Every structure is written in structure tokens, then in C-alpha cells.
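>>> Have a look; sequence and predicted model below, questions after that.
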Amino acid sequence: MKPKLLTISMLLAVGAVYAQNQPMQVSDDLRALVQQANTNYPTLKQQQQQIQAGEVRVDIARTAMRPSVNLNGNYTYITPVPQFTLPINGQDVVAKLAPNNNINANVSIGQTIYDFGRTDAAIRQATDNVQILRRNFELTQQSLAYQVAAAYYGVGFLQRSLIVQDSVIRTAGANVRLLANRLQNGDALQYDVLTESVRVKVAQNRRVEIQNLLERQLAVLTYLTGNPQPEISRAIDQFQLGVQSAPVSLFDVSGQLQTAVAGNKAVLLAQDQARAAETDILVNNRAGQPSLSFSGSAGFKNGYPLQVEQLRGNTAAGINFIAPIYAGKRYRLQNQVAQLNLNASRYAVENASAQVRQSIAQLNADIRSNQTRLANLETQVEQSQKALQIANARLRNGVITNVELQSAETGVEEAELGRLNFQYQLMLNQLDLRRLLGETLF
């Protein structure tokens, strides 16, 4: 028993030294896990392909102002064809007005000269869509990193909880054996043995639950990182027994809300979508504008009078001007839809900003609540420590039973388990707050 008492006392003694207000540190294995997630997560790969496709669409939009060259060929057989007969030198000669075999082969070129800003608007629209895709990628990447961190810290918390729970089970099991011996000597009741046995079973069931949660967290890490055996050896170091949690500062929602909004990825995405909606209005306004283009061709064809079957050189060039006059209110209705979408996008920005404020306010409430409950739990921890000190003193004086001593030890262990839980909750609160502020883990 004495080595165990010495270990617990040392853990409690170093608690005050270790408990300093230090910022959350990111371990090397957590960095590696985040990098693995960025490399292997399927959704990120999908979004990267979508970004590349969007960039190609920008290039496609630019091609509208570039010339297009085509090789054209056409053959048509026609019968009958218009013809007449002429008497020449006493013989009837058939003269055709059109050939039976019609051949037309040429190289054509088309070039838009001016389209009154339609191409520029289309390029801007495609560029805005790429920006939205990139912002979605950033949002997914950030969310992924914090999911990995939450799962990683969850693994450490559960691993440390298993250590504490195993200690509780050992202590309760020792009590069962002690009471069983005393029952044989007539110093205890069967009810006492049964009650302590129930306590052991409850502790074992709790351990099974913790182990199940640990396996589930490992499965989450494997899914996020694509690594079937993620490196988690240092996760447990994030939680220490006998260590008070450093205080977590609240975020000033009233004074620094604009700072939070300026960095929040969801708000930035909503703003990008609003800018894209403005571009959609520009595109629709330009859709009904005229266009001026050049077209030309050079090649060979037949069908010319007198010698309709003979192929001859054929060249054509011209300027084309198209000005829409009436399209059944299509352009006006499209503009109306685009304006409504813009209004909706602006409301989405307001909603995203309001959600940031709400989420930070809720996090502040959770942090205050967890820190208050953790502070209240410190009283229980202090009481269990005092109880253990008294039990040690009584043990030295020989005026305590083993059951009383083991109960004091169990009280310390259970209080530490409660402290670990609130420390873990505060760590999750810090992660959520950093995510809302748009901060990166490293």
C-alpha cells in the first residue's frame, strides 16, 4: 500500500507547479496527423479536383475573344437538276444550271471583335466561382484539422481515464477481498461484501464504456487521416493527474466581434457567394448586349454557271453585327432572379455573422460553466486529498482499517477523474473558439 500512497502524494504535490496559464500546445504527432488528413481525406481531394475544373472554366470563358478556325467539307448529290438544251452546230447540247455532285470545301475563321463586356463578365463569373470553391476547400481543411485535434485530445483523455478507472477497480477489488476475509472471521456481513462487489461491477462497466469510446475515437482518427494505425503515443501527455487546469480567457463578443467575423471561414464563404451573386447580375445585364464579329472562309466549290461541275477557288469575308431586340422578357426576368439571389446572399452573410456571435456567446457560457464547475470540483479534490492525508496519519498511528484507507484513495482517484473530464471539456471549448475565430492550429 505504501508505494501507491507515495505515488498519489507525489502527483498531488507536483500539481501546483504544473498548473500554469500556458497556451494550448500542438504536439508533433498531432501535426503529423493533421498533415496526413490533408493528404488523404477524400473530400479534400474531391474539392481540389473541383478547383482545377473551375480554373479550366475560367480559361474556357477567355476563349470567347479568341479566333476559331474550322476545316469544313460538304458533298451533296442532287438529281434532277435544272437544265436546258441548246442547238449548237446542228447538235443538241445539254446545259446544266446546277451540278449533280455538289462539292464545297473551305477553311473558315471567326473572331469576336467586340461584345460590349459579355466575355469580361463571364470571366469574372468563372473566377468568382473558383474563389467559392477555394473558400470551401479552406473551410473543409480547417474543419478537418479541428476534428482531428478533437479526436486526438479525446484519445488522450480516454487513455488517462482508463488509468484512473483501473486504479478504482483495483482499490474496490482489494476491498472485496478484505471484506470476504473479514466475513470468514465473523467481522463483516454478507451484505457488505455484496455492496462492495456491486461497486466493482459498476466500475468495470464504466471502464468498458470508456474503452468503447476510445475505440470509437480511434476509428474517427483512422477515417480522418486515412492511417489505420495513427500515432497517438503522446496524446495522453495532454492530461496529467493532480494538475489544475489553466484558466481560459473569454472572448469579448461586444468589443471584438468584427475581428471574429473577419476571420471566420463561414462568413468569408458567405461574402464570396454574395460577390458572385453581384457578378451574376452583371452577366445578365450584359446578356442582351449586341455583338460585333468577323467571319471569313477560303476554299473550293463547284456550281458556278456555264461550267457547274468544275471546282473553283472560293473566298468570302464579312462583318457580323447582332443586336437583340425582343426575347420575350427573358433578360428582365433573369435580372430579377439574379437580384433576388443577391438579396438572399446578403442575408446569408448577416446570418453567418449572427451565428458567429451566437456560437461565441454560447462558448463563453460553456467556458464559464466548466471553469466554475471545475473550481467547485477543486474543493472535492482538496477534501479527498485531506482525507488521504488524515488516513495516512492514522495509518502511521495504527488507528485505521484498510477499508477506510482504500476508500480515501478511491475518493482521490474519482475526484481526479472528474477533474480530467472538465479539463477535457475546456480543451474542446478552446478548440471551438479558435475555429470560430478562423485561427489555424499551427
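Happy to help now that I have it. Residues are numbered from 1 along each chain as shown.
>>> How far does stretch 313-330 sit from its chain's centre?
48 Å (Cα atoms, centre = their mean, to the nearest Å).
>>> whoops, I mixed them up, stretch 294-301
That offset, for stretch 294-301, works out to 54 Å (Cα atoms, centre = their mean).
>>> same deal with stretch 339-351?
With Cα atoms, centre = their mean, you get 23 Å for stretch 339-351.
>>> Same check on stretch 415-428?
Mean C-alpha position of stretch 415-428 versus that of the full chain (Cα atoms, centre = their mean) differs by 27 Å.
>>> How about stretch 345-354?
19 Å.
>>> which parts of it are buried?
By neighbour count on 16 or more other Cβ atoms under 10 Å, the buried set for stretch 345-354 is Ser345, Arg346, Ala348, Val349, Ala352, Ser353. The way it works is simple: take the backbone N, C-alpha and C, and place the C-beta from them, glycine included.
>>> Stretch 287-303 now?
Buried, per 16+ other Cβ under 10 Å, within stretch 287-303: Ala287, Gly288, Gln289, Ser291, Ser293, Ser297, Gly299, Lys301, Asn302, Gly303.
>>> closest to Ile322 among the buried residues of stretch 345-354?
Ser345 (32.1 Å; Cβ to Cβ).
>>> measure that closest one to Ala37 for me?
Distance, Ser345 to Ala37, using Cβ to Cβ, to the nearest Å: 31 Å.
>>> same thing with Asn351?
For Asn351, the distance to Ala37 - Cβ to Cβ - is 29 Å.
>>> Check Asp366 too.
26 Å.
>>> between the two, who's got more neighbours?
Remark: of Asp366 and Ala37, Ala37 carries more neighbours, 22 against 16, as counted by other Cβ atoms under 10 Å.
>>> surely that one meets Ala145?
Yes - at 7.1 Å, Ala37 counts as touching Ala145 under the criterion of Cβ atoms under 8 Å.
>>> longest single strand anywhere in the protein?
The strand spanning the most residues in the chain, taking DSSP state E as the definition, is strand 101-114.
>>> Just checking the distance from it to the centre of its chain.
50 Å.
>>> Could you name the helices and strands sitting against the following helix or strand past it?
Counting by DSSP states H and E, the element after strand 101-114 in chain order, helix or strand, is helix 118-184. Using 3 or more Cβ pairs under 8 Å, 6 or more residues apart in numbering; DSSP states H and E, the elements in contact with helix 118-184 are helix 28-40, helix 42-62, helix 190-225, helix 265-287, helix 402-436.
>>> what is the orientation angle of helix 118-184 with helix 190-225?
Helix 118-184 and helix 190-225 are oriented at 160 degrees to each other (axes from the mean of the first three to the mean of the last three Cα atoms, to 10 degrees).
>>> May I have stretch 62-72 exported as CSV, CA atoms only?
Extracted in CSV, the C-alpha atoms of stretch 62-72 (Å, rounded to 0.1, in the frame of the first residue of the first chain):
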residue,chain,number,x,y,z
ARG,A,62,-11.4,33.7,-72.0
THR,A,63,-11.6,31.7,-75.3
ALA,A,64,-14.7,33.7,-76.3
MET,A,65,-12.5,36.5,-77.5
ARG,A,66,-10.1,34.3,-79.4
PRO,A,67,-10.5,33.3,-83.0
SER,A,68,-11.9,30.0,-84.1
VAL,A,69,-10.7,28.2,-87.2
ASN,A,70,-12.6,25.3,-88.8
LEU,A,71,-12.0,23.0,-91.7
ASN,A,72,-15.3,22.4,-93.5
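>>> Now tell me what touches it from outside.
104-112, 115, 118-119, 122-123, 297, 299 (Cβ atoms under 8 Å, 6 or more residues apart in numbering).
>>> now it, how far from the chain's geometric center?
40 Å.
>>> same deal with stretch 322-339?
Between the centre of stretch 322-339 and the centre of its chain there are 38 Å (Cα atoms, centre = their mean).
>>> Show me what counts as buried in it.
Tyr331, Gln334, Asn335, Ala338.
>>> Closest one of the residues you listed to Glu209?
Ala338 (54.4 Å).
>>> So the closest one sits against Ala276, correct?
No - in this structure, Ala338 is not within contact of Ala276 by Cβ under 8 Å, at 10.5 Å.
>>> on that earlier part again, pairing partners for the longest strand of the chain, with directions?
Counting by DSSP bridges, the strands paired with strand 101-114 are strand 68-77 (antiparallel), strand 291-301 (antiparallel).
>>> Out of these, flag the one nearest Arg207.
strand 68-77 (72.7 Å).
>>> Just give me the neighbour total for Gln204.
Residues contacting Gln204 under the criterion other Cβ under 10 Å number 16.
>>> Give me the spatial nearest neighbour of it, chain neighbours excluded.
Ile169 (6.0 Å; Cβ to Cβ, 6 or more residues apart in numbering).
>>> give me the low-pLDDT residue ranges for the stretch 201-350 of the chain?
241-245 (pLDDT under 70).
>>> now the strands paired with strand 101-114 in a markdown table, with distance to Glu309?
As requested, the strands paired with strand 101-114 are arranged in a markdown table below (distance: least, Cβ to Cβ, whole Å):
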| stretch | distance to Glu309 |
| --- | --- |
| strand 68-77 | 12 |
| strand 291-301 | 11 |
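>>> So for Thr410, which of these sits nearest?
strand 68-77 (83.5 Å).
>>> quick one: that closest one to chain centroid distance?
The answer for strand 68-77 is 51 Å, by Cα atoms, centre = their mean.
>>> Quick check: mean pLDDT of that strand?
In this model, strand 68-77 has a mean pLDDT of 96.
>>> same question, stretch 186-200
79.
>>> and what of stretch 389-407?
The pLDDT scores in stretch 389-407 average 68.
>>> For the closest residue to Asp192 other than its chain neighbours, grab the count of nearby residues.
Nearest-residue entry for Asp192: Leu179, 5.1 Å, with adjacent residues in sequence omitted and distances by Cβ to Cβ, 6+ apart. Using other Cβ under 10 Å, Leu179 is surrounded by 23 other residues.
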